[in-house]
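1. Sharing a model that was predicted from the sequence below.
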Amino acid sequence: MLVWRAAALTVFFIGGYFIAAMQYRSVSIAAMELRVDQSRDHADQYLSDAINLQKKLDVQQVEISQLHSQLDKLHADRINLHNDLVFYKNLAGKKTELARMKADAREAALVASPASSVSSAVAKPEAAVQDASPVVLKSFAVNRAAESGEYAFSILLAKDSNQDKAIKGVLKVTLVGVEVDKVVTVPFDEPRPFVVDFKKSQRINGEFQIPEYWTNRKIRVSLLEDGNSKPSYSWVSKVPD
């Protein structure tokens, strides 16, 4: 009887062991299947991310290609603008030279008869009114002053005869130059007109400023005698650089 009971217990324990082992094995397989499913999901996610990343890279590559095209176009535009700038600079230089030649031609056309002991390279007499008093320009000097951009001029006028009649009037000063391609004239009688009153001779001194960027710079002085509506004499001198 005892042997039978021992055998029954043994069979019971062995059966329980097998049942437990089978259950454990079933749980392990389920866990493994779950892990495989999770791995498959992760792999699908990684693949999807890789596909999206490739699409972004493709878009960026297209944008980079477009930027390269734009840079090439900008470079070509810069070259064209540089060529245009050189062309217009040359054109402006030619216009300035033409304006200077025109100004010189106008001044040459105004050169007239009053006798002067000053060389025409220093000062050039311009057109005079008929029957004007015999005035001679003895000297006309233009020099840089101490201050930058300022100049000083000195004019010596004299009579060309021994008549006792005094020369009276005012000396009008005008600054002349070429700005870009345009001749500019600026009257200068500051702070007051230069009064002329002499029987033999008179020296007149003054100072003036003239833009440094002007080209073909000159100073013109005109003698307007009392009783005359137009200048009797006019002289021009170049302003030194």
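-> Done, it's in. Residues are numbered from 1 along each chain as shown.

2. Now do the helices in the chain.
-> Ranges of helices in the chain, per DSSP state H, are 2-110.

3. In it, where's the longest strand?
-> Ranked by residue count and defined by DSSP state E, the top strand of the chain is strand 167-179.

4. Would you mark the buried spots in that one?
-> For strand 167-179, a neighbour-count test (16 or more other CB atoms under 10 Å) marks 167, 169-178 as buried. Glycine gets a C-beta too; all of them are placed from N, C-alpha and C.

5. Can you list the helices and strands that it packs against?
-> Secondary-structure packing of strand 167-179 (3 or more CB pairs under 8 Å, 6 or more residues apart in numbering; DSSP states H and E): helix 2-110, strand 150-159, strand 182-188, strand 194-198, strand 201-209, strand 215-225.

6. if we can go back for a sec, which one among the buried residues of strand 167-179 gets closest to Val59?
-> Val178 (59.0 Å; CB to CB).

7. Could you check how far that closest one is from Ile210?
-> Distance, Val178 to Ile210, using CB to CB, to the nearest Å: 12 Å.

8. just Asn216 next, same as before
-> For Asn216, the distance to Ile210 - CB to CB - is 11 Å.

9. Could you name every residue contacting both of these two?
-> Shared contacts of Asn216 and Ile210 (CB atoms under 8 Å, 6 or more residues apart in numbering): Gly177.

10. Low-confidence regions, the chain specifically.
-> 1-28, 90-133, 148, 189-191 (pLDDT under 70).

11. Mark out where each domain of it begins and ends.
-> Using automatic domain parsing, the domain parsing of the chain gives 1-110, 113-238.

12. circling back to that earlier point, tell me the angle the longest strand of the chain makes with strand 201-209.
-> Strand 167-179 runs at 30 degrees relative to strand 201-209, counting by axes from the mean of the first three to the mean of the last three CA atoms, to 10 degrees.

13. Strand 167-179 versus strand 182-188: what angle between them?
-> Relative orientation of strand 167-179 and strand 182-188, computed by the same axes, to 10 degrees: 150 degrees.

14. ok, strand 167-179: who's next to it in the sheet?
-> strand 182-188 (antiparallel), strand 194-198 (antiparallel), strand 215-225 (antiparallel) (DSSP bridges).

15. re earlier: just put the buried residues of strand 167-179 in a markdown table and tack on distance to Phe87.
-> Below are those laid out as a markdown table (distance: CB to CB, whole Å):
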| residue | distance to Phe87 |
| --- | --- |
| Ile167 | 54 |
| Gly169 | 50 |
| Val170 | 48 |
| Leu171 | 45 |
| Lys172 | 41 |
| Val173 | 39 |
| Thr174 | 35 |
| Leu175 | 32 |
| Val176 | 29 |
| Gly177 | 25 |
| Val178 | 21 |
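
16. and which of those is nearest to Leu53?
-> Closest to Leu53, out of all of the buried residues of strand 167-179 and judged by CB to CB, is Val178, at 67.3 Å.

17. I appreciate the help and will end here.
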